[in-house]
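# Okay, here's the prediction I keep looking at, along with the sequence it came from:
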Amino acid sequence: MKEMLTFSAELTADASERTISGKIVPFNGEVGNTSAGAVVFERGAINIADSSKVKLLLEHDPKQPIGRAQFFNETEDGIFASFKISKSSRGTDALIEASEELRTGLSVGVMVNAAKPKNGVLYVSSADLLEVSLVQAAAFKSAAVTDIAASEDEAVEETLPTESETATVETTPAVEATPTVEAAAVEAARPAVTAMAYTKPRIEVTAAKYAENTIRAALGDDAARQWIAAAADTSDNAGLVPTRQLSEIINPLGTTIRPSIDAISRGVLPDAGMTFEIPKITQMPTVAIEPEGDAFSDTDQNSSFLSVTVQKYAGQQTFSVELLDRTSPAFFDELVRNMAAAYAKATNSAVNAALISGATADATTTVTYPTAAELLGIVARGSASVYGATAGLPNPFARNMVVSTGQWSNIMSLNDSGRPIYTASQPMNAGGAVAPTSLTGNVAGLNLYVDPTNGGDGDGTILIVNPDAYTWYESPTYRLRAESTAAGQVTIGYYGFGAIATKVAAGAFKNNKA
């Protein structure tokens, strides 16, 4: 099993010889927040097959290389590296941004070969280094770039799409580099950047050329994008007004909220096995009033094991390499976000179903959405039922209420002679607080969670829960990537493991529709 991870760490700046150096991976048990969650790299875990082929990218974009590795040095603290920055305008911009602390992190992309989760942290014992990137933010605080250098006498000319002008940036000294890698620390000076005069290009605009360049631009052709940008100036192209495509994405379908999971307790999934067991007391010892000389009350304490099943929640997406490499990076970012949203929906639905299945049904039925009096009756009966079932737990009280979107809508409409009960603007005498702009609130002293899994008024659309009676155990989520050269396709897999433990089924109480 292989897994793609990216993480980053802070940097400091210096400028002299167009190099960037610093720690890229920390050891000694330091935990970093990566694309796969909390991660620790064990010493010797990173394999570097050929250091001369490792590129320095900008923000993990393979289309934006800015340098190549010079050397790597592994110590007890971590792995240090030095990169030679290209003389392209992109490389020079990266040096300036690092010197001015606009990009303050080094980030590596690795393919994980062996790892083991423990207490919510993934411990990586073997991984292949794929690339290193200069990034804006840092995940590992201890890893830092200690030397950023550009030739002091170097001036880079850059063509800018602005009016004809010349801009000069003064060189300023930076702090002395910390000598934690082999590259020597030097006094930094940021290079002057001078913009050349710009003349608007003259282009021939026809319907055929516009259609051709629109297609090429969508496939990632920079020249075609520049042509489209020039054609957008309609001052001398009367009648041709191109349709622009914004970078924002409209997505009304994906959400990562998990109300049913938030309404119960959470636990760390054991690091092995597809089932695990929790000891559960099934018989309590007894104490009774006994006459003088009689034997003690004698009832043996008994216990059994609650067996909990671990489930895999997984999904994948297969697409062509052209779609991955020749489209906007927003495609891949949105794909990963939507896979995370699908994972959240599946796990939340499983927990919601377990709550409804285990809950005690109200003996009093309602024909449709409850009135204010009926709702208070459900809360009162449910709170008493849950307390009786979970009296042996450290906190035996019902504390949370999970409702459907339909029940949420009904609760907001409840009133006392026209005065809103739960949406009152002056809540001094209100019976709780519920708002149309929030999926959480308070109803009759219970924390409210609105779950979109259900939408009506059926059985279980109102759940009164002691969160300690149900526990959701979950591993970190993982992302896999596989490529098939024969089919020219890339498959992205997103998965994780979870288990819902129904410790006391009657620790939940549900409405009962007649």
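Done, it's in.
# how about low-confidence regions in the stretch 101-250 of the chain?
For the stretch 101-250 of the chain, residues meeting the criterion pLDDT under 70 lie at 137-208, 231-245, 247.
# Tell me how many other residues crowd Asp77.
Number of residues near Asp77 (other CB atoms under 10 Å) recorded here: 16. From N, CA and C alone the C-beta is placed, and that goes for glycine too.
# show me what contacts it?
Lys23, Pro26, Phe27, Asn28, Ser142 (CB atoms under 8 Å, 6 or more residues apart in numbering).
# which residue packs closest to the fourth one, ignoring adjacent ones?
This points to Asn28. Among residues not flanking Asn28 along the chain, Asp77 sits closest, at 6.5 Å (CB to CB, 6 or more residues apart in numbering).
# my read: Asn400 touches Ser265, true?
No: here Asn400 does not reach Ser265: they are 10.4 Å apart, not a contact under CB atoms under 8 Å.
# Next SSE downstream of the helix or strand of the chain with the lowest mean pLDDT?
None of the helices or strands of the chain scores lower by mean pLDDT, DSSP states H and E than strand 193-195, at a mean of 36. Downstream of strand 193-195, the first helix or strand assigned by DSSP states H and E is helix 207-218.
# Report all helices and strands that that next one contacts.
helix 222-231 (3 or more CB pairs under 8 Å, 6 or more residues apart in numbering; DSSP states H and E).
# rewinding a little: tell me the spacing between the residue nearest to Asn28 and Thr104.
Note on Asp77: its distance to Thr104, by CB to CB, to the nearest Å, is 19 Å.
# hang on, isn't Arg381 packed against Thr366?
No: using CB under 8 Å, Arg381 makes no contact with Thr366, being 11.8 Å away.
# Could you chop this structure up by domain?
3-195, 200-245, 309-510 (automatic domain parsing).
# Can you measure across the last one, start residue to end residue?
Terminal residues of domain 309-510 are spaced 24 Å apart (CA to CA, to the nearest Å).
# can you pull the buried residues of stretch 40-49?
Using 16 or more other CB atoms under 10 Å as the test for burial, stretch 40-49 gives Val40, Phe41, Glu42, Arg43, Ala45, Ile46.
# And for stretch 493-512?
Neighbour counts over stretch 493-512 (16+ other CB under 10 Å) mark 493-504, 506-512 as buried.
# and Val310, what does it touch?
Contacts of Val310 by CB under 8 Å, 6+ apart are Leu269, Gly273, Met274, Thr275, Phe276, Tyr473, Phe497, Gly498, Ala499.
# any chance of those in a markdown table, plus distance to Asn302?
Formatted as a markdown table, the contacts of Val310 follow (distance: CB to CB, whole Å):
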| residue | distance to Asn302 |
| --- | --- |
| Leu269 | 28 |
| Gly273 | 25 |
| Met274 | 27 |
| Thr275 | 22 |
| Phe276 | 21 |
| Tyr473 | 25 |
| Phe497 | 31 |
| Gly498 | 30 |
| Ala499 | 25 |
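# and of those residues, the nearest to Asp50?
Nearest to Asp50, judged by CB to CB, of the contacts of Val310 is Phe497 at 35.2 Å.
# Listing partners with orientation, what would you give for the helix or strand encompassing the closest one?
Using DSSP H and E, Phe497 sits within strand 489-502. Looking at strand 489-502 with DSSP bridges, its partner strands are strand 311-320 (antiparallel), strand 470-474 (antiparallel), strand 478-484 (antiparallel).
# Among those, which comes closest to Ala373?
Ranking the strands paired with strand 489-502 by proximity to Ala373 (CB to CB) places strand 470-474 first, at 28.8 Å.
# any idea how far Ile500 lies from Pro259?
14 Å.
# Pull the distance from stretch 109-123 to the chain's centre.
16 Å (CA atoms, centre = their mean, to the nearest Å).
# And the helices in the chain, which stretches?
Taking DSSP state H, the helices of the chain run over residues 89-99, 207-218, 222-231, 259-262, 321-325, 329-358, 372-389, 405-413.
# which one of those lies closest to Glu17?
helix 89-99 (10.6 Å).
# which strands and helices sit next to the closest one?
strand 19-26, strand 61-74, strand 78-85, strand 121-135, strand 145-149, strand 156-158.
# quick one: buried residues of it?
For helix 89-99, using 16+ other CB under 10 Å, the buried residues are Gly91, Thr92, Asp93, Ala94, Leu95, Ile96, Glu97, Ala98, Ser99.
# same check, this time on stretch 319-329
Leu324.
# which stretches of the chain have low pLDDT?
For the chain, the ranges with pLDDT under 70 are 1-16, 35-36, 137-208, 231-245, 247, 425-429.
# Return the distance of Ala391 relative to Gly377.
From Ala391 over to Gly377 (counting by CB to CB), the distance is 22 Å.
# If you count surrounding residues, which of the two has more?
Gly377 (15 against 10).
# follow-up on the earlier one: out of the buried residues of stretch 40-49, which comes closest to Asn466?
Val40 (35.1 Å).
# close enough to count as contact, the closest one and Gly120?
No: Val40 is not in contact with Gly120 according to CB under 8 Å; the separation is 11.1 Å.
# re earlier: shared neighbours of Asn400 and Ser265, anything?
Pro467.
# ok, those two, which is more surrounded?
Asn400 (19 against 15).
# show me what contacts the more buried one?
Taking CB under 8 Å, 6+ apart as the test, what Asn400 contacts is Ala263, Ile264, Leu446, Asn447, Leu448, Tyr449, Ile464, Val465, Asn466, Pro467.
# which residue packs closest to it, ignoring adjacent ones?
Counting by CB to CB, 6+ apart, the residue nearest Asn400 is Ala263, at 4.3 Å.
# Ok, Glu474 next?
The shortest distance from Glu474 to any non-neighbouring residue, by CB to CB, 6+ apart, is to Gly498 (4.5 Å).
# again with Ala342
Residue nearest to Ala342 in three dimensions, not counting chain neighbours: Gly315, with 5.5 Å by CB to CB, 6+ apart.
# got a list of what that neighbour touches?
So Gly315 contacts Met339, Ala342, Tyr343, Ala346, Gly493, Tyr494, Tyr495 (CB under 8 Å, 6+ apart).
# And the furthest pair within these?
For those, the maximum inter-member distance is 14.1 Å, found between Ala346 and Gly493 (CB to CB).
# send the alpha carbons of stretch 340-357 over as CSV?
Taking C-alpha atoms only, stretch 340-357 is exported to CSV below (Å, rounded to 0.1, in the frame of the first residue of the first chain):
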residue,chain,number,x,y,z
ALA,A,340,-13.7,14.1,1.6
ALA,A,341,-17.3,15.3,1.6
ALA,A,342,-18.5,11.9,0.3
TYR,A,343,-16.5,10.2,3.1
ALA,A,344,-18.1,12.5,5.7
LYS,A,345,-21.6,11.8,4.3
ALA,A,346,-21.1,8.0,4.3
THR,A,347,-19.7,7.8,7.9
ASN,A,348,-22.3,10.2,9.3
SER,A,349,-25.2,8.2,7.6
ALA,A,350,-23.8,5.0,9.2
VAL,A,351,-23.8,6.6,12.7
ASN,A,352,-27.3,8.1,12.2
ALA,A,353,-28.7,4.7,11.2
ALA,A,354,-27.1,3.1,14.3
LEU,A,355,-28.7,5.7,16.6
ILE,A,356,-32.1,5.2,15.0
SER,A,357,-31.8,1.4,15.1
